[in-house]
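*Asks:* Quick one: sequence and predicted model below, then my questions.
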Amino acid sequence: MTPEEIERYARHIVLREIGGPGQNKLLNAKLLCIGAGGLGSPALLYLAAAGVGTLGIVDDDEVSLSNLQRQVLHETNAVGEAKTSSAARALARVNPNVNVQLHTLRLNEGNVDEIIASYDMVLDGTDNFETRYLVNAACVRAQMPLISAAMSQWEGQISLYDPANGGPCYQCVFPQAPADGLAPNCAQAGVMGALAGVMGSMMAGEAIKLITGAGQVLRGEILIYDSLFGETRKLKTSLRADCGICGKK
C-alpha cells in the first residue's frame, strides 16, 4: 500500500480482524451492486470508503425527487439523471481511487451471466422478486456469493446466499414469489428512510467480513431488523435438496 492508502485505511489496518492483509484483500476485491437506490446507496458509499478496488453498479433508473428521502448517493441536482452516473460522481468524492464500472441497463437472462462474470461477489438491493430470482440463479451458476437485503415500512432483512460453500441459495429460502399484494414495494407500502441506511450498511459490513475473513457472516442465517421497536432476530436457513436452482438435479 502507498502512504496515502495506509493513512486512508488506518482504522481498518489497526483492527486485528482486518489488518494490512485484509485491507489488501479489499483493495483487490471486485463487487457488483444491483441497484443504486435505498439499499445500494449506503452499501456503495461504505464499500468505496473501505477501499474496495472495483465497484460495479447496475441500474437502469433515473433519480426522482421521491428517491431522495432515503437514497443518499443522490442529490437534488441529480433529479432526472441516470442513477449510475449520479452514483459514480458521489463515489468519486468519497474515494477517487476506486474503479467504478457502470452498467446502465436492466438485467435479463441474456446479459446477467456476462455482467456478473467480472466480479467476485454480488450485492442485491433490488425491490422486485423477478430480479432477485434472476440474480440468484446467475450467482448459483457462477458459484458466487450473493448478499441480498430487502426492506418495507419499518422492517428489513438480510442474508448471505452461498450454496457453493454450504449455505442455501435465495430460492431455497423463498421458493416462490408471494401473491400480488402480499409483499408491496416501497412505493406502495412506504419505508422509513433511515432504515435503508441501516440495511445497506449491513450489506457493506457482510461484504467486508466475507472478503477479509473477519468474524461470522450470515451464511445459513437471515437477520431481521424491526426499526419501529428496535428489535433484531435471526432465523436459521438451510439448503433444500429439491431446490430447482441449487438442489441436486
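*Replies:* Done, it's in. The model shown is predicted, which means the values in this text are computed figures rather than measured ones.

*Asks:* For this structure, which segments count as helices?
*Replies:* Under the criterion DSSP state H, helices of the chain are mapped to 3-8, 10-13, 19-28, 40-50, 83-94, 112-116, 129-142, 170-173, 186-189, 193-212.

*Asks:* Out of those helices, which gets the lowest mean score?
*Replies:* Mean pLDDT is lowest for helix 186-189 among these, at a mean of 76.

*Asks:* Contacts for that one next, please.
*Replies:* For helix 186-189, contacts defined as CB atoms under 8 Å, 6 or more residues apart in numbering pick out 38, 66, 127, 151, 152, 153. Placement of C-beta: from N, CA and C, glycine included.

*Asks:* Please indicate which of these are buried?
*Replies:* Buried subset of those (neighbour count, 16 or more other CB atoms under 10 Å): 38, 127, 151, 152.

*Asks:* Now for those residues: which two are most distant?
*Replies:* Using CB to CB, the buried ones among the contacts of helix 186-189 span at most 10.6 Å, a distance reached by 38 and 152.

*Asks:* joint contacts of these two?
*Replies:* Contact with both residue 38 and residue 152 is made by residues 186, 191, according to CB under 8 Å, 6+ apart.

*Asks:* one step back: can you list which of the buried ones among the contacts of helix 186-189 are found in strands?
*Replies:* Cross-referencing those against strands under DSSP state E gives 151, 152.

*Asks:* May I see the buried ones among the contacts of helix 186-189 arranged in JSON lines, with pLDDT and distance to residue 119 as well?
*Replies:* Output for the buried ones among the contacts of helix 186-189, formatted as JSON lines (pLDDT from 0 to 100; distance: CB to CB, whole Å):
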{"residue": "38", "pLDDT": "96", "distance to residue 119": "21"}
{"residue": "127", "pLDDT": "87", "distance to residue 119": "21"}
{"residue": "151", "pLDDT": "95", "distance to residue 119": "23"}
{"residue": "152", "pLDDT": "92", "distance to residue 119": "27"}
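
*Asks:* Adding distance to residue 72, write the buried ones among the contacts of helix 186-189 out as CSV.
*Replies:* Formatted as CSV, the buried ones among the contacts of helix 186-189 follow (distance: CB to CB, whole Å):
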residue, distance to residue 72
38, 9
127, 16
151, 14
152, 19
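
*Asks:* from the buried ones among the contacts of helix 186-189, which single one is nearest residue 109?
*Replies:* Distance to residue 109 across the buried ones among the contacts of helix 186-189 (CB to CB) is lowest for residue 127, with 19.5 Å.

*Asks:* What sits closest to the closest one if chain neighbours are left out?
*Replies:* Distances taken as CB to CB, 6 or more residues apart in numbering place residue 185 nearest to residue 127, at 4.7 Å, with adjacent residues excluded.

*Asks:* any idea how far that neighbour is from residue 129?
*Replies:* Between residue 185 and residue 129 the computed distance is 10 Å (CB to CB, to the nearest Å).

*Asks:* Report the central residue of the protein.
*Replies:* Centrality entry for the chain: nearest residue to the mean C-alpha point is residue 123, 2.8 Å, by CA atoms, centre = their mean.

*Asks:* The contacts of helix 186-189 into TSV, with extra columns for distance to residue 110?
*Replies:* Output for those, formatted as TSV (distance: CB to CB, whole Å):
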residue	distance to residue 110
38	27
66	31
127	22
151	29
152	30
153	34
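
*Asks:* For residue 245, state which of those residues is nearest.
*Replies:* residue 127 (20.5 Å).
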